[in-house]
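S.K.: Provided below for reference: sequence and predicted model.
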Amino acid sequence: MFCGAGGFSEGARQAGFRVKWGIDKDDSSIETFLYNHHNATVYNMEIDEFMSKKIRDAFHVDVLLAAPPCQGFTGANTRGNIIDMTTNMILVMNIPQALDILRPKVLVFENVKGFFNQKKSDEIYKLFVNDLLDIGYKIKTKILKATDFGICQRRERFIMLAVPTESNFPCWPEPTHYINSEVSDQVRANYREMNLLPTPTVDVAFRGLTAATPNMNYIKTVPYHLRRLKSNQIPSTVLCTISPGWDNIHPTIFRYISPRESARLQSFSDTYEFKGNLASQYRQVGNSVPPLLAKAIIKEVKFEIVTLLLIPGWDNIHPTIFRYISPRESARLQSFSDTYEFKGNLASQYRQGNSNTITDVILRFLIDHDEIVEIVETMVKIVEQIKIRRFRINNSKL
Ligand SMILES: C[S@@+](CC[C@H](N)C(=O)[O-])C[C@H]1O[C@@H](n2cnc3c(N)ncnc32)[C@H](O)[C@@H]1O
């Protein structure tokens, strides 16, 4: 929902999901979304119209992504039309409603930090959370730093995960990157040992792009109130937009950065094309959830959904009898012998059986979803994740 140019969806695609549909009212954003996710269905309309006329026709989704407009919640937004701000705040209330209709396994919600920690949005936040709880979802929230995931930007985002009350939450992603200039030699050596990588600085992010860019406004001097990006640093971006007039002047050339350079700072690959005029392209890029941040979160979501398959309420209905499989049947699928007893209540027994081996579940998940070609790749990734987790747990015990 509020798919914009599709940065969030691109992260989901890179994490291994199929993008089914997107809804947004902005024509150019929808053009970009469709160009880059050409198998998706698009709803180019106001959210109110989608909610009243189209949502019940939309394909089932396992994961619902929602990134409503941040204007109104951003701490930086002290000016602006109060009616616009309130309207944007009210837009978020469509999300619990959509969740109740679609009942996905996970909602991933993204916004600015101010969404939950500001007086002006306090009431909306409470209403939003209460609606989610009322429809039988539970939530967890976290502020994630874009730099922790290899994005050349000091952007912090508010992320909320909502799952049905009886389900487990996906884990938060562990950082994969660190800021090289901010750590000691000892810490750097430890991070390297853990296979963490330095977050790219501006010069690294812009590497390989030609300096000459048609249609760009060249300037003679840097206006006194603006700053240039610094080649060897990671820029801070506190606003929802990267557009001419902000601090985004090229580090070595007298012009604003191009939409492609801006897209590099947001971790889009160069194959991701933006449609519409220059101003719209800047807006689409700046408004996007950085794909690499989205990918990191949604990889964890995928990991959890794989294990969710053996929890009642989901896809584990007996092949010939109209009931869920029993904990014993579930244990058999997990290769436990019948002499192995599980204690605790029913829900707990299902969950315990889940913890021993996930190979069967992974295979079932992949075969059910007709993604045979991905089997090997996904299993390797999952085994890698398990190894990394074990490594971290062992390290934290030291
Ligand atoms: C933060 S952006 C979404 C970014 C997108 N998720 C991404 O990662 O690229 C918010 C989007 O909400 C859309 N929007 C704002 N008001 C809307 C409304 N009333 N109905 C539908 N879409 C709306 C805007 O056009 C914008 O693309």
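M.R.: Happy to help now that I have it. Note that this is a predicted model, so its numbers are computed, not measured.

S.K.: from residue 324, how far off is residue 155?
M.R.: 43 Å (CB to CB, to the nearest Å). Quick note: C-beta positions are derived from backbone N, CA and C, even for glycine.

S.K.: of the two, which one has the most company?
M.R.: For residue 155 versus residue 324, the count of surrounding residues by other CB atoms under 10 Å is larger for residue 155: 24 against 19.

S.K.: ignoring the adjacent residues along the chain, who's closest to that one?
M.R.: residue 146 (4.2 Å; CB to CB, 6 or more residues apart in numbering).

S.K.: for burial, what's the neighbour tally of that neighbour?
M.R.: Neighbours of residue 146 using other CB under 10 Å come to 25.

S.K.: what does residue 133 give?
M.R.: Count around residue 133 with other CB under 10 Å applied: 14.

S.K.: remind me which helix or strand it belongs to.
M.R.: helix 122-134 (DSSP states H and E).

S.K.: give the contact list for the residue nearest to residue 155.
M.R.: Residues near residue 146 by CB atoms under 8 Å, 6 or more residues apart in numbering: 153-157, 267, 290, 292-293.

S.K.: how near is it to residue 170?
M.R.: 19 Å.

S.K.: one more: residue 195?
M.R.: 22 Å.

S.K.: of the two, which one has the most company?
M.R.: Neighbours of residue 195 and residue 170, each counted by other CB under 10 Å, are more numerous for residue 170; the result is 24 against 10.

S.K.: pretty sure the more buried one sits against residue 296.
M.R.: No. Applying CB atoms under 8 Å, one finds residue 170 not in contact with residue 296, separated by 11.3 Å.

S.K.: which members of the contacts of residue 146 occur in strands, if any?
M.R.: 156-157 (DSSP state E).

S.K.: what about residue 281, neighbour count?
M.R.: By other CB under 10 Å, neighbour count at residue 281 equals 23.

S.K.: if you rank the contacts of residue 146 by neighbours, which is first?
M.R.: residue 293 (29 neighbours).

S.K.: so that one sits against residue 153, correct?
M.R.: No. With contact defined as CB under 8 Å, residue 293 does not reach residue 153; the gap is 9.5 Å.

S.K.: with pLDDT as extra columns, can I get the contacts of residue 146 in JSON lines?
M.R.: Formatted as JSON lines, those follow (pLDDT from 0 to 100):
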{"residue": "153", "pLDDT": "92"}
{"residue": "154", "pLDDT": "89"}
{"residue": "155", "pLDDT": "85"}
{"residue": "156", "pLDDT": "90"}
{"residue": "157", "pLDDT": "92"}
{"residue": "267", "pLDDT": "95"}
{"residue": "290", "pLDDT": "96"}
{"residue": "292", "pLDDT": "97"}
{"residue": "293", "pLDDT": "97"}
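
S.K.: which among the contacts of residue 146 gets closest to the ligand?
M.R.: Comparing the contacts of residue 146 against the ligand with CB to the nearest ligand atom picks out residue 290 as the nearest, at 8.2 Å.

S.K.: how far away is the closest one from residue 59?
M.R.: Taken as CB to CB, the span from residue 290 to residue 59 is 26 Å.

S.K.: where exactly do the strands run in this structure?
M.R.: 21-24, 41-44, 63-66, 106-112, 137-145, 156-164, 177-178, 197-198.

S.K.: residue 272: which of the ones you listed is closest?
M.R.: Ranking these by proximity to residue 272 (CB to CB) places strand 21-24 first, at 14.5 Å.

S.K.: which elements pack onto the closest one?
M.R.: helix 27-36, strand 41-44 (3 or more CB pairs under 8 Å, 6 or more residues apart in numbering; DSSP states H and E).

S.K.: ok now the longest one, how far from the chain's centre?
M.R.: By that I understand helix 27-36. Centroid separation for helix 27-36 versus its chain: 19 Å, with CA atoms, centre = their mean, to the nearest Å.

S.K.: got it, and stretch 331-341?
M.R.: The answer for stretch 331-341 is 36 Å, by CA atoms, centre = their mean.

S.K.: what is the end-to-end distance of it?
M.R.: Stretch 331-341 has an end-to-end distance of 9 Å (CA to CA, to the nearest Å).

S.K.: excluding chain neighbours, what is closest to the residue of the stretch 51-200 of the chain found nearest the ligand?
M.R.: In the stretch 51-200 of the chain, the residue that lies nearest the ligand is residue 67 (3.4 Å; CB to the nearest ligand atom). Setting aside the residues directly before and after it, residue 67 is nearest to residue 110 in space (CB to CB, 6+ apart), at 4.4 Å.

S.K.: partner residues bridging that neighbour?
M.R.: residue 159 (DSSP bridges).

S.K.: and it, what is it in contact with?
M.R.: Per CB under 8 Å, 6+ apart, neighbours of residue 110: 8, 65-67, 157-159, 289, 294.

S.K.: same list, the residues you listed, but as a markdown table with distance to residue 210 please.
M.R.: As requested, the contacts of residue 110 are arranged in a markdown table below (distance: CB to CB, whole Å):
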| residue | distance to residue 210 |
| --- | --- |
| 8 | 29 |
| 65 | 34 |
| 66 | 37 |
| 67 | 31 |
| 157 | 31 |
| 158 | 36 |
| 159 | 35 |
| 289 | 27 |
| 294 | 28 |
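
S.K.: buried ones among those residues?
M.R.: 8, 65-67, 157-159, 289, 294 (16 or more other CB atoms under 10 Å).

S.K.: circling back to that earlier point, starting at the chain centroid, how far to the helix holding residue 133?
M.R.: For helix 122-134, the distance to the chain centre is 21 Å (CA atoms, centre = their mean).
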